[in-house]
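Trainee: what's the 3D shape of this:
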Amino acid sequence: MEKKLTSAVINFFIRAIVGMALIFFINQFVLPSDSSINVGLNAVSFLTSGSLGIPGVCLLYGIMCYKIL
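Mentor: The predicted structure is shown next:
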């Protein structure tokens, strides 16, 4: 039981770190600097990317695109 919980926590943090790195990369190198669809690096994006992974990062960008419509 303890090994399963440790594995889940490590998996969460790995997904969260990869997701935050992906958000940083997209904000810095893919989108223009004056773009209004940049996703912030904050606790909400950390929890979303940690719990949902890369689809969570896509969801955050989708929400930002929907917001500017």
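
Trainee: Model confidence score at Arg15, please.
Mentor: Arg15 is assigned a predicted lDDT (pLDDT) of 97.

Trainee: Next, the contact list for the closest residue in space to it that isn't next to it in sequence, please.
Mentor: Computed as C-beta to C-beta, 6 or more residues apart in numbering, the closest residue to Arg15 that is not its neighbour in sequence is Gly53, at 4.7 Å. C-beta coordinates here come from the backbone N, C-alpha and C atoms, glycine included. By C-beta atoms under 8 Å, 6 or more residues apart in numbering, the residues touching Gly53 are 15, 18-19.

Trainee: in this protein, which spans are helices?
Mentor: With DSSP state H, the ranges of helices along the chain come out as 2-25, 43-52, 54-67.

Trainee: Tell me how many other residues crowd Arg15.
Mentor: Arg15 has 18 neighbours, counted by other C-beta atoms under 10 Å.

Trainee: That one contacts Thr48, correct?
Mentor: No - using C-beta atoms under 8 Å, Arg15 is not in contact with Thr48, being 10.1 Å away.
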